[in-house]
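In: heads up, no residue letters with this:
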């Protein structure tokens, strides 16, 4: 084997890993986070978890990504440990699909049909079709499909390149002797585990073994322990992902390792025990790419079937190894609002942000509703609750904005980029709405301490404007949570009515001050409240504009407002007049 063969091998490995990365990333992007959402919602039974873990891993081509996602589910409290055990077992089975795809490189035969099935025949066609789609097609989905084709073609080309580079090793005694050493179960396990840990992918490690099988020097006795070791090595990225997580997430990463080690141990005892007693006739036979795929699949299915009934015992074992400490766990196990592990799937990460934005919307709405009711009667309980909600809103804004910055640095589709922009605008508006609720709280607190009261007319006017503000915050939060475009279009007319109410109420109260019916101090407090009302409505309008503009594929606030407030817009004028009558000040 010359230096040029080594360079060819390295180049083939680079193509193989790059193709796998492109194909897996594109498969993930085209799924749009739906696969992860299905996992989250449909794992109430362990058997469902196994089936779904198998299917999702087969699609995204990465057991590590799926298992790391499972760690994130547990760390964020979405799932319990017992639910993810099934997903882990299924992920181990699903990852074997890649080996079957790569086994196509070992197809032999002289018929035209067999020749067409060879990667050397159809990989160039896939690459050509992928390039044509990328050059001429529009839309993220079509381009993702093209990248899947390209990635698969590159992956197979890399596989063929590696196989060609090592084919000459069959006549090299040193290489054959090296492989014979790996027939030792312990050395084989270590080799497989180390290779997979370095590559961070069991699929890639199996692909390299399949390429080496082209030399004709790899036997069943060599391949079997190496493949089993790969399953242990695949646990390394998951263990690393659990650093800094809560105890349940660490239990999830550990149970993944223990399941892998248990499956390997049982399979080794069964395989080598059977060979020692009866003598397996195929023990020293040479393997090819297809044989390796069979061994990989049979082992993982066997391990899943054997270990499945003991899922409950494994769960209890994790609680024995990593024990709860009621005195320290409360503080140390506080989870973040959003999981960094979900960044592996940007669409799913954005789904999680949307859920938290919905919670922000409800907190902001609750604070405004309580603060408006608070104006009528002081309540210490509501005072404390509003402050508690405000602290939560501040935490939400801080963590979610930081998370969105991380998401923005990823390779996002146009749709996901628009969602990221929408959520960023929404987070800021919800936090500011909460701030104005606190401003109203502070104003009422001053009035309570100084025993200041407004006149009956002033209270009636605040009641009218308060009801309008309650309606606009109700509509804007509902429109955001449900992506209700029709409801969002009713917000801007109501915001204009609230602007008019502010002007009217300010004029009326100024007259009362001039007529000495109200003190200057009372007047300033009154103006503070209606200013807060008006600013709340402004932020609700911002939310509506965000929903409407982004549904149209752009974010151009000024152009939208210019069009919607035009007197020729009949829908706007009709809503405006209805609200004007509903909240008329007499």
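Out: Thanks, I have the structure now. Worth saying up front: this structure is predicted, and the values here are computed from it rather than measured. Residues are numbered from 1 along each chain as shown.
In: Confirm for me that residue 502 is in contact with residue 533.
Out: Yes. Shown here, residue 502 and residue 533 form a contact pair, counting by Cβ atoms under 8 Å, at 6.9 Å. Quick note: C-beta positions are derived from backbone N, CA and C, even for glycine.
In: The two: which is more packed in?
Out: residue 533 (24 against 18; other Cβ atoms under 10 Å).
In: what sits against the more buried one?
Out: 465-466, 468-469, 498, 501-502 (Cβ atoms under 8 Å, 6 or more residues apart in numbering).
In: most surrounded residue in these?
Out: Highest neighbour count within those, by other Cβ under 10 Å: residue 469, with 29 neighbours.
In: show me what contacts that one?
Out: By Cβ under 8 Å, 6+ apart, the residues touching residue 469 are 368, 372, 498, 533, 536-537.
In: Lowest-confidence one in those?
Out: Among those, residue 372 has the lowest pLDDT, at 90.
In: what's the helix or strand where it lies packed up against?
Out: Following DSSP states H and E, one finds residue 372 within helix 346-374. If contacts are counted by 3 or more Cβ pairs under 8 Å, 6 or more residues apart in numbering; DSSP states H and E, helix 346-374 sits against helix 3-31, helix 34-41, helix 380-408, helix 414-450, helix 456-482.
In: Just the mean pLDDT for the second one, thanks.
Out: Model confidence over helix 34-41, given as mean pLDDT, is 69.
In: For the next helix-or-strand element following it, which helices and strands make contact with it?
Out: Once helix 34-41 ends, the next helix or strand along the chain (criterion: DSSP H and E) is helix 46-60. Identification of packing neighbours for helix 46-60 by 3+ Cβ pairs under 8 Å, 6+ apart yields helix 3-31, helix 34-41, helix 63-75, helix 81-94.
In: what's helix 46-60 in contact with?
Out: Contacts of helix 46-60 (Cβ under 8 Å, 6+ apart): 24, 27-28, 31, 35-36, 38-39, 42-43, 63, 66, 82-91, 93-95, 97, 304, 308, 311.
In: before we move on, what about stretch 401-420?
Out: Contacts of stretch 401-420 (Cβ under 8 Å, 6+ apart): 25, 29, 32, 140, 144, 337-338, 340, 343, 346-347, 349-350, 353-354, 423-424, 427-428, 550, 553, 555.
In: Show the buried residues in these.
Out: Neighbour counting by 16 or more other Cβ atoms under 10 Å classes 25, 29, 32, 140, 144, 337-338, 343, 346-347, 349-350, 353-354, 423-424, 427, 550, 555 among these as buried.
In: circling back: any shared contact partners between residue 502 and residue 533?
Out: Common contacts of residue 502 and residue 533 (Cβ under 8 Å, 6+ apart): residue 465.
In: Quick one: neighbours of residue 401, just the number.
Out: Counted with other Cβ under 10 Å, residue 401 comes out at 15.
In: Now do the same for residue 376: helix, strand or coil?
Out: coil (DSSP: H, G, I helix; E, B strand; the rest coil).
In: Run a quick neighbour tally on it.
Out: Neighbours around residue 376, by other Cβ under 10 Å: 12.
In: do residue 399 as well
Out: Neighbours around residue 399, by other Cβ under 10 Å: 16.
In: For the nearest residue to it once chain neighbours are set aside, which three-state class applies?
Out: Closest residue in space to residue 399, ignoring its immediate chain neighbours: residue 337 at 4.7 Å, by Cβ to Cβ, 6 or more residues apart in numbering. Counting by three-state DSSP, the backbone at residue 337 sits in coil.
In: so residue 337 touches residue 396, yeah?
Out: Yes. The pair residue 337 / residue 396 is scored as a contact, 6.5 Å apart, by Cβ under 8 Å.
In: Tell me the residues that contact both of those two, please.
Out: Contacts common to residue 337 and residue 396, judged by Cβ under 8 Å, 6+ apart, are residue 356.
In: hmm, back to that, quick one: buried residues of the helix holding residue 372?
Out: Under the neighbour-count criterion of 16+ other Cβ under 10 Å, helix 346-374 has 346-354, 356-361, 363-372, 374 buried.
In: Now the buried members of the contacts of helix 46-60.
Out: By 16+ other Cβ under 10 Å, the contacts of helix 46-60 give 24, 27-28, 31, 35-36, 39, 43, 63, 66, 82-91, 93-95, 97, 304, 311 as buried.
In: Extract the residue ranges of the stretch 401-550 of the chain that are flagged as low pLDDT.
Out: 550 (pLDDT under 70).
In: The chain too?
Out: In the chain, residues with pLDDT under 70: 1, 31-35, 39-44, 105-120, 167-172, 174-176, 325-336, 550-569.
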